[in-house]
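[1] predicted model follows, preceded by the sequence.
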Amino acid sequence: MTDYAVGAATEIRLARQASLLRAMLLLAACYGFVTGLTNFFVFSRPLIAAIDGLVLAGAVLSWLLLRQARLLWPVSLAVLTFYGLLLLFYFIASEARNYSLVWAAVLPPLAFFLLGSRGGTLFSALFSLLVLALFAMSYRQAPVMPLELPALLNLGAVLVAHCIIFRFSERSRELAYAELARLSQYDELTGLLNRRQFDAELRQHMALARRRGSSTAVLLVDLDHFKHINDRHGHLVGDRVLVEAGQCISAVVRATDSVGRWGGEEFVIVCPDTELSGASQVAEKVRRSLERSPLGDGVQLSASVGVAVDRSEESVESLLARADGALYRAKEQGRNRVVLEEVMETPVPAC
Ligand SMILES: Nc1nc2c(ncn2[C@@H]2O[C@H](COP(=O)(O)OP(=O)(O)OP(=O)(O)O)[C@@H](O)[C@H]2O)c(=O)[nH]1
């Protein structure tokens, strides 16, 4: 995805995480309120009612903290840890007389969604180990543990299955997201930046250059008579020529320059901190390198290059349009050449 798209997708994910966490906190608050009143007034168990009160208080406090978006991750971790430990304590305090431990199965999916695959795995593994340790200890102190062994084994197995399923699902989501990000930034055939991403990088280079008082050069490179190559050698060879032309261009420019595929048989290069004279040398280097190297199993080709350098307060579109104008003249003048933008004469003030 472009930086903008990646940012937007991340915002959506964070908003969804916050929504789920709020829904869970609401559930915990209602549960704490209802069971607290029931345990206090109906069953006369003030200790258990006090734990219910903690469930309610934890939910309200976390809800308030969540109003600050930057606290989402720490609040998520704190909520999972707090309720995980409270759950185990509740189970022990109620002498395992209720089914509160089934809530243990809710924590791993929540942890994977809120903390990602790595954080979710770590949290769920630690929590599952704690639950298993509790089983083991309770069984050594029988008859404190009234739940039957098969029920406990089933719960343990559900916890492990949840860890596997939700880790798999979260990893799949993360991999799909990374692949979408790659596809939306790079050209599928050549692996160079695509037009949108190149545009975003050019915008950034120009803004930085403006702050530093330097200039940014743009070079548009168009392979000459590419249609003939396709017609004579076929589209597969044409594709290979495009891939190798991209590699050839990337090999001769600086690591700080960015190379993109502008579309079809046209490439674009941005050279930060570069004046017109420097850009003209880069363009000549690119042109000569493409002319010298037979590409796609021996296809000889040439390229025309148009060069422009940004002017103060100029837009990306206008800079690219001037580079395109220079490229158009290179084609008109017979191809296989570098043409620089027409430098505007500074008007001489009238005496
Ligand atoms: N193999 C292949 N060909 C492509 C691709 N994209 C565009 N082309 C071809 O590139 C050719 C461009 O043709 P023109 O725009 O006429 O340009 P040209 O033949 O290079 O001529 P000049 O630019 O005027 O020198 C067309 O035949 C397109 O089909 C691609 O991804 N793969």
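    Nice, I can see it. Because the structure is predicted, anything quoted here is derived from the model rather than measured. Residues are numbered from 1 along each chain as shown.

[2] show me the helices in the protein, by range?
    Shown for the chain, the helices assigned by DSSP state H span residues 3-37, 46-65, 72-93, 107-140, 149-185, 195-212, 226-233, 235-252, 276-292, 316-332.

[3] columns mean pLDDT, mean neighbour count and distance to the ligand on top of those helices, output as CSV?
    In short, each C-beta sits where N, CA and C put it, glycine included. Rendered in CSV, the data for the helices of the chain read as follows (pLDDT from 0 to 100; neighbours: other Cβ atoms under 10 Å; distance: least, Cβ to the nearest ligand atom, whole Å):
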stretch, mean pLDDT, mean neighbour count, distance to the ligand
helix 3-37, 87, 15, 23
helix 46-65, 94, 17, 52
helix 72-93, 90, 18, 43
helix 107-140, 87, 18, 36
helix 149-185, 86, 14, 16
helix 195-212, 92, 16, 13
helix 226-233, 93, 15, 3
helix 235-252, 95, 18, 3
helix 276-292, 95, 17, 13
helix 316-332, 96, 18, 5
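
[4] among these, which is nearest residue 270?
    Proximity to residue 270 (Cβ to Cβ) singles out helix 195-212 among the helices of the chain, at 5.0 Å.

[5] which residues does the residue in the stretch 51-200 of the chain positioned nearest to the ligand contact?
    Across the stretch 51-200 of the chain, the shortest distance to the ligand (Cβ to the nearest ligand atom) belongs to residue 189, at 5.5 Å. When contacts are counted by Cβ atoms under 8 Å, 6 or more residues apart in numbering, residue 189 touches 239, 242, 243, 261.

[6] now those as TSV including distance to residue 270?
    Listed next are the contacts of residue 189 as TSV, based on distance: Cβ to Cβ, whole Å:
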residue	distance to residue 270
239	24
242	19
243	20
261	13
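
[7] before we move on, back to that, of the helices of the chain, which approaches residue 308 most closely?
    Judged by Cβ to Cβ, the one of these that comes nearest to residue 308 is helix 316-332, at 3.9 Å.

[8] now that closest one and helix 195-212, what's the angle there?
    110 degrees (axes from the mean of the first three to the mean of the last three Cα atoms, to 10 degrees).

[9] what is helix 316-332 packed up against?
    Packed against helix 316-332 by the contact rule (3 or more Cβ pairs under 8 Å, 6 or more residues apart in numbering; DSSP states H and E) you find helix 195-212, strand 217-223, strand 303-309, strand 338-340.

[10] still on that earlier bit, from residue 124, how far out is the residue of the stretch 51-200 of the chain closest to the ligand?
    The span separating residue 189 from residue 124 equals 41 Å under the rule Cβ to Cβ, to the nearest Å.

[11] one step back: mind picking the two most distant members of the contacts of residue 189?
    The two members of the contacts of residue 189 with the most space between them (Cβ to Cβ) are 239 and 261, at 11.9 Å.

[12] backbone dihedrals for residue 337, please?
    phi -160, psi 170 (degrees, to the nearest 10).

[13] count the residues that sit near it.
    Residues near residue 337, counting by other Cβ atoms under 10 Å, number 18.

[14] got a list of what it touches?
    Under the criterion of Cβ under 8 Å, 6+ apart, the contact list for residue 337 reads 287, 304, 305, 330.

[15] hmm, the last one is touching residue 341, no?
    I take that to be residue 330. No: distance between residue 330 and residue 341: 11.1 Å, which falls outside the contact criterion (Cβ atoms under 8 Å).
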